[in-house]
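# How does the following fold in three dimensions:
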Amino acid sequence: MKSPFSEIPALKDCVHCGLCLPECPTYLATGREAESPRGRIAALRAVVEDRSRVSDAIHDGLESCLVCRACESACPSGISMEQLMASYRQQSRRERSDLPARAESWLLREVIPHPGRLSALVSGLRWIAPWLRWLPFARELPSAKRLRPAPEVPAVMEAVGSCRGTVSLLRGCVADRVFRAETHLSALLLSEAGWKVVIPEAGCCGALHHHAGMVEESREHMRLRWRDLASEGVDHVVIESAGCAAHLNSTSGHEPGFITDTATLLARGGNFIIQQKLPGRSVLSLACHQQHSSLDFDEGTELLENCLEEQIQLPAPEHCCGAAGMYMLRRHQLSRSIGEVARDRFVAVKADQIISGNPGCVLRWESLLGVQKVISPVRLLAHAGGLESN
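Take a look at the predicted model:
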């Protein structure tokens, strides 16, 4: 009988060169070939060719993938581990029904896409978090500051002065509840720079579903977000989460640069004046999906660098912090180990703060370093531009 995994793409494209190995955080953390991109591809190929079954060991090695996409940048064959893992997890969900998968499916179907339910969950966490802090996984919970209710953001913010055009701003799902202040600040920065900012209702883009193998649900959420974001007259869609931006950009059908972030749009406008630089020694940490996707945020990255008094580079290799969306809940122990390696690299350079923008990365860095040492790019820009945040 034909294997249900036989439709997974790119399995025969791997040339076994091993260039992906030093780029893979899970391989470096475990030292196991089965938890490397090359090992995962070899295991799946053996299954497809009926030389093996999907044993617990093979499944565990595949499920440990962060989908950070670092291996994609190193791969000479152009293999997309993101697409490969989405295909595997889609098939795996039909074959397996373990508790972590069921819990993840419930969250992704019944909570995260529904702003009211998600808000209720976060509000509940706010009250019970003090009693959960002693549990190992509770270190990944948002800080008390993040769990506090945030003011609503306006649906439209008019441009200050001459209008350059119209942008829409993605509120997201978890980000809308935990990082709403940053969303509002992004809108303020863009409005001050002469953009009319349209902010549709909160909603999930489907990136988390795609990584979990819930491909059909991912496509539907993507369709709904494009309906809201790319309405007539919108010149750019601004997304602060690189994971969401890369996901929506993969099938946007729009010109390059249509999806952008606040820093890049301000840099391209040429009218952002740096009034003061952030004091101290700062690390600028780019999200994995910004480094290893087709997003072009280079001009924004340069602007952020110019806002720092002193930029410090982390020691190589530049690896994922281990957050990877829901991975830090689904595979907490390995995720935390990878995060602690990232923390040790930060401590080694004696930096004062880290600039990080991806929602999951911010939560991870705040849990590793403390809230005061983690600054989002939009807050850095607000500081540099002399704009007071709410």
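
# Can I take it that residue 314 is in a strand?
No. Looking at residue 314 with DSSP: H, G, I helix; E, B strand; the rest coil, it is coil, so not inside a strand.

# contacting residues for it?
283, 285, 342, 345-346, 348-349 (CB atoms under 8 Å, 6 or more residues apart in numbering). C-beta: built from backbone N, CA, C; applies to glycine.

# Mind putting those into JSON lines with neighbour count, pLDDT and secondary structure?
As requested, the contacts of residue 314 are exported to JSON lines (neighbours: other CB atoms under 10 Å; pLDDT from 0 to 100; DSSP: H, G, I helix; E, B strand; the rest coil):
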{"residue": "283", "neighbour count": "20", "pLDDT": "95", "secondary structure": "strand"}
{"residue": "285", "neighbour count": "21", "pLDDT": "92", "secondary structure": "coil"}
{"residue": "342", "neighbour count": "24", "pLDDT": "91", "secondary structure": "helix"}
{"residue": "345", "neighbour count": "19", "pLDDT": "91", "secondary structure": "helix"}
{"residue": "346", "neighbour count": "21", "pLDDT": "92", "secondary structure": "helix"}
{"residue": "348", "neighbour count": "10", "pLDDT": "92", "secondary structure": "helix"}
{"residue": "349", "neighbour count": "12", "pLDDT": "93", "secondary structure": "coil"}
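
# among the residues you listed, which two are most distant?
Maximum pairwise distance in the contacts of residue 314, criterion CB to CB, is 14.3 Å, between 285 and 348.

# where does the stretch 1-150 of the chain dip in pLDDT?
The stretch 1-150 of the chain contains residues with pLDDT under 70 at 1-10, 94-98, 133, 136-137.

# What segments of it are helices?
25-30, 37-48, 56-63, 70-74, 81-95, 99-106, 115-132, 144-147 (DSSP state H, counting those that start in this stretch).

# Nearest to residue 292, out of these?
helix 70-74 (4.8 Å).

# what sits up against that closest one?
Taking CB under 8 Å, 6+ apart as the rule, helix 70-74 contacts 19-20, 23-25, 37, 78-82, 288, 291-292, 319-320.

# Which of the residues you listed fall in strands?
Residues of the contacts of helix 70-74 located in strands (DSSP state E): none.

# now, among those residues, which is nearest to residue 162?
Closest approach between the contacts of helix 70-74 and residue 162, by CB to CB: residue 291, at 35.0 Å.

# tell me which of the contacts of residue 314 is nearest to residue 242?
Of these, the one sitting nearest to residue 242 (CB to CB) turns out to be residue 285, at 11.1 Å.

# Might you report the residue contacts of residue 359?
By CB under 8 Å, 6+ apart, the neighbours of residue 359 are 172, 174-175, 178-179, 241.

# what number of residues lie near residue 384?
Look at residue 384: counted by other CB atoms under 10 Å, it has 21 neighbours.

# oh, I was asking about residue 171
25.

# cool, residue 144 as well?
Residue 144 is flanked by 11 other residues according to other CB under 10 Å.

# That one contacts residue 132, correct?
No. Counting by CB atoms under 8 Å, residue 144 does not reach residue 132; the two are 11.9 Å apart.

# For residue 337, which non-adjacent residue is spatially closest?
Counting by CB to CB, 6 or more residues apart in numbering, residue 29 is the residue found nearest to residue 337 once chain neighbours are left out, at 5.3 Å.

# go on, residue 315?
In space, and not counting its chain neighbours, residue 315 is closest to residue 345: 5.3 Å by CB to CB, 6+ apart.

# Touching, residue 340 and residue 365? I think so.
No. Contact criterion CB under 8 Å: residue 340 and residue 365 do not qualify, at 11.9 Å.

# So those two - more neighbours on which side?
residue 365 (27 against 14).

# Please give the element, helix or strand, for the more buried one.
Applying DSSP states H and E as the criterion places residue 365 in helix 359-369.

# Return that helix as PDB; C-alpha atoms alone will do.
Output in PDB follows, covering the C-alpha atoms of helix 359-369 (Å, rounded to 0.1, in the frame of the first residue of the first chain):
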ATOM      1  CA  PRO A 359       6.400  38.000  19.500                       C
ATOM      2  CA  GLY A 360       7.600  34.500  20.400                       C
ATOM      3  CA  CYS A 361      11.200  35.600  20.500                       C
ATOM      4  CA  VAL A 362      10.400  38.600  22.700                       C
ATOM      5  CA  LEU A 363       8.600  36.300  25.200                       C
ATOM      6  CA  ARG A 364      11.500  33.900  25.200                       C
ATOM      7  CA  TRP A 365      14.200  36.600  25.700                       C
ATOM      8  CA  GLU A 366      12.100  38.200  28.400                       C
ATOM      9  CA  SER A 367      12.000  34.800  30.200                       C
ATOM     10  CA  LEU A 368      15.700  34.400  29.800                       C
ATOM     11  CA  LEU A 369      17.000  37.900  30.600                       C
END
